[in-house]
Structures are given as structure tokens and as C-alpha cells.
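In: Got a sequence here, can you build the structure:
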Amino acid sequence: MSFIIFIDFDYFYAQVEEIMNPAIRDKPVVVCVYSGRTENSGAVATSNYLARSIGIKSGMPLPQAMKIGQGRAVFIPIRRDFYQEFSDRVMNTISTYSDKMEIASIDEAYIDVTEESSTFQEAVELGKEIKEAIFREHGMKASLGISINKVIVKILGDMAKPDGIKYIDESQVDGFLNNLEVKKIPGVGTILSTKLKDAGIVYIKDILNKDPRAMIDILGNAKYTYLVEIAENRYNKPVEERIRKNFGRYITLPENTRDESMIMPLVRKAVDSAYGKAPGIPGEISAIGIMEDLDIVSRSVTGGRINKNSAYEIAESLMEKILDSDQRKLRRIGIRIGKITTNESLDDFFGT
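Out: Take a look at the predicted model:
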């Protein structure tokens, strides 16, 4: 059983502009791609919900959008590099919650929190915590879907817009699939959904009652297999991790606490897990404390090759520094290691 979270930053480009310029937050905001042919030629890249409510949509020609928004909307040229840098910062925050993270686009990500959650309810609570951290640290609103596979969470994330969370656990999946229209499935566009409707397929479950050969003629082998796996609740494509330079583990404490007898064994457990994932010996180790109010405090040590036995001592010392410098209780703890070099020997790795 996997616990997957999908995170979608609502109307991302426009929201970044609102965050950077609060004066426009209550106005229709339109981010534009100018073609350069004339002063106003081009198209709408994205718009916030206020702009959409007055009829300005993504892809709309700029002259049309400007006519609708005249005197009401704010039109801003697109700043791709700046948005990417902002996205990178938000993605880094998300990455502190799981090492299994897939960045799907500048404004979408999947994370697998199976290892961090012993129950589905814990995964939901973690999703809420991530959403709060994204807003607290970056001012960014996000919609989240939480369930057992990437297709379902993507659909739930779309349903959660704007700025919401939707989730279904394993016991609810069959009921969800029974009522799932095929046109809502990622990868099924308008043209294909029309073809499927013409073939008598409105809900994803309908495909199971059709002749496979006829369906393959319409869909092709790969897409037919994909839709059948979804319909039968067998779809399990994993979250595809990005290339990582850092490895780590985050653990939720049984309760918010400053009790070192409760904290330090979990610090050592996190060290074990981080070293178990790393392909070599780190030259950097960080201890992270996520406080009772979800603020994040960290301490790091860099230098040399830090074998696992040394890491226990260093990690505990760093966590003690966090506790000494901050009087709040801890909610979660984490250990991250980086600057990895290839193992020379097992003795070197374990420090024997």
C-alpha cells in the first residue's frame, strides 16, 4: 500500500506576482506572453481566479483579454526564469517531507510518504502540514490530492481547487472508480474522450465490459492497458525520484515534545535510514527540527568523510543545539546527508 500526495500550486505564475506585489492581490491578475509583432499581440499564459471570473482564460488572445479586463485587470509580462527560481524554493520545502519526490512541472509535484506514514490518516495529516508549510514559508496556496496512486491523487488535486485538500483511502477507491468519468483521467483529452463516449464509454469502469480488440483499435495498446489498470485498481506506477544530491529521513514524533529520551532514538533511526539510502559517505550532515508551530530549524556540519558511527554523535549534538537554541517543542525530526563520495570500504563506511 502506497500513500501518495499530489501538490498543485494554483494559477502559479499569477500567484507568484501577487506574492511579490501584495497591492495587486485583490485584483484580476493576467500573466501575458507578448509576441512582439505589435504592442499588444500575444496570449494569456495564466490568470488568477478573479481574472477567470470575468472571462479571462489561459490561451486567450491578448487583445481580447485586454478588452475584457480594461480598467479592472493587471497585465504582467511573463518572467519564466524568476518563476522557476521561486518554484525551486517551494519544491525544496516539499522535499524535506520525503525523499521520494517527482517534480512533474514548474507547479506540480508528487511525493510518496509511505515510509513517513504508518497509516493513511497520518499521510493526510502530513499533507495538511505540507500545505501549511508552503503557505507559511512562501505565501503560496496549493491544492492537494492524497490517495494510493498517482492517477487518483492528480484527479483529486484538480477537484480540490482552489486551495483545498481532497483525499480517499483504500476502502473508498472502488466507489470512487465506479463513478469516475473517463474524461477526468490524466492523458485522456477532449478528442479521445469523445471517441470513447461514441463507443459507449462514459465511466472508466465501462471499459471492462468492452471487447479489448475494439478498444485497442481506438486507444492503442499502451493507453488501453493504462485505462484497464486504472479501472481494475491495479495502476501502481511509482513516484519517479529526481536525481538527488542529498539523502535523508524525517520522522514524526509520537507527541510534541522536548524530551531527549524520546527524540534521540529517533534521531539515530533517521541516521540509519539516511545512510541506508546513500550511495557513499557524506561530507555534510544536517539535523532538522520541525517545531510544534511547523516552523523549521536546522543545524549542519560540513567537512571530511563522516562515517556512520560518527554521524550518530554529530546528529545528536546538532539536535541538542536546536533544543538549546529554541524553547518550542518538536513535532518532527529529520536527518539529511549530502556531499556524497563513493565508499572506499565497509570499514570506512561504518567506522569500524
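In: In the helix or strand residue 153 falls within, which residues are buried?
Out: Assigned by DSSP states H and E, residue 153 belongs to helix 150-160. The neighbour-count check on helix 150-160 (16 or more other Cβ atoms under 10 Å) flags 150, 151, 152, 153, 154, 155, 156, 157, 160 as buried. Every residue, glycine included, has its C-beta placed from N, CA and C.
In: Need the mean per-residue confidence for stretch 4-21.
Out: Stretch 4-21 shows an average pLDDT of 96 in the prediction.
In: Distance from it to the middle of the chain?
Out: In terms of Cα atoms, centre = their mean, to the nearest Å, the centre of stretch 4-21 is found 12 Å from the chain centre.
In: now stretch 133-143
Out: Using Cα atoms, centre = their mean, the offset of stretch 133-143 from its chain centre is 12 Å.
In: again with stretch 158-171
Out: For stretch 158-171, the distance to the chain centre is 13 Å (Cα atoms, centre = their mean).
In: got it, and stretch 270-282?
Out: So, by Cα atoms, centre = their mean, the centroid of stretch 270-282 is 23 Å from its chain's centroid.
In: mind saving the C-alpha coords of that stretch as PDB?
Out: What follows is stretch 270-282, C-alpha atoms only, in PDB (Å, rounded to 0.1, in the frame of the first residue of the first chain):
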ATOM      1  CA  ALA A 270      16.900   8.700  10.900                       C
ATOM      2  CA  VAL A 271      20.600   8.400  10.600                       C
ATOM      3  CA  ASP A 272      20.300   4.700   9.900                       C
ATOM      4  CA  SER A 273      17.700   5.400   7.200                       C
ATOM      5  CA  ALA A 274      19.700   8.200   5.600                       C
ATOM      6  CA  TYR A 275      22.900   6.200   5.400                       C
ATOM      7  CA  GLY A 276      20.900   3.200   4.100                       C
ATOM      8  CA  LYS A 277      19.800   5.300   1.100                       C
ATOM      9  CA  ALA A 278      23.200   7.000   0.300                       C
ATOM     10  CA  PRO A 279      25.500   5.500  -2.400                       C
ATOM     11  CA  GLY A 280      28.600   6.600  -0.500                       C
ATOM     12  CA  ILE A 281      30.000   8.500   2.500                       C
ATOM     13  CA  PRO A 282      28.700  12.100   3.200                       C
END
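In: which residues are in contact with that stretch?
Out: 99, 115, 247-251, 305-308, 311-312, 315, 333-344, 348-349 (Cβ atoms under 8 Å, 6 or more residues apart in numbering).
In: and with 6 Å instead?
Out: Stretch 270-282 is contacted from outside by 247-249, 251, 305-306, 308, 311-312, 315, 335, 337-343, 349, using Cβ atoms under 6 Å, 6 or more residues apart in numbering.
In: what about burial for these, which qualify?
Out: 247-249, 251, 305-306, 308, 311-312, 315, 335, 337-340, 343, 349.
In: can you tell me which of these are in strands?
Out: 247, 248, 249, 251, 335, 337, 338 (DSSP state E).
In: Hmm, residue 268 and the fourth one touching each other?
Out: To tie it back to what came earlier, the one meant is residue 251. No - using Cβ atoms under 6 Å, residue 251 is not in contact with residue 268, being 10.6 Å away.
In: show me what contacts the residue most central in space within the chain?
Out: When Cα atoms, centre = their mean is applied to the chain, the residue found nearest the centroid is residue 109 (3.4 Å). Shown in contact with residue 109 (Cβ under 6 Å, 6+ apart): 7, 94, 103.
In: Same check on residue 288?
Out: By Cβ under 6 Å, 6+ apart, residue 288 lies in contact with 298, 334.
In: chain center to the strand or helix carrying it, what's the gap?
Out: Assigned by DSSP H and E, residue 288 falls within strand 284-291. The gap between where strand 284-291 is centred and where its chain is centred comes out at 20 Å by Cα atoms, centre = their mean.
In: for stretch 117-132, same thing?
Out: The answer for stretch 117-132 is 12 Å, by Cα atoms, centre = their mean.
In: in that stretch, what counts as buried?
Out: Buried residues in stretch 117-132, defined by neighbour count with 16+ other Cβ under 10 Å: 117, 120, 123, 124, 126, 127, 129, 130, 131.
In: With stretch 311-329 instead?
Out: With burial defined by 16+ other Cβ under 10 Å, the residues of stretch 311-329 counted as buried are 311, 312, 314, 315, 316, 318, 319, 320, 322, 323, 329.
In: What of stretch 282-301?
Out: 282-291, 297, 299, 301.
In: Which member of those is positioned nearest residue 198?
Out: Nearest to residue 198 among the buried residues of stretch 282-301: residue 290, at 51.7 Å, using Cβ to Cβ.
In: Excluding residues flanking it in the chain, which one is nearest that closest one?
Out: residue 332 (4.0 Å; Cβ to Cβ, 6 or more residues apart in numbering).
In: Could you give the secondary structure assignment for residue 85?
Out: helix (DSSP: H, G, I helix; E, B strand; the rest coil).
In: ok, it to residue 62 distance?
Out: Distance from residue 85 to residue 62, counting by Cβ to Cβ, to the nearest Å: 25 Å.
In: okay, those two: which has more neighbours?
Out: residue 62 (21 against 11; other Cβ atoms under 10 Å).
In: picking that back up, quick check: mean pLDDT across whichever helix or strand comes after the strand holding residue 288?
Out: Where DSSP H and E defines the elements, the next helix or strand beyond strand 284-291 is strand 296-302. Averaging pLDDT along strand 296-302 yields 88.
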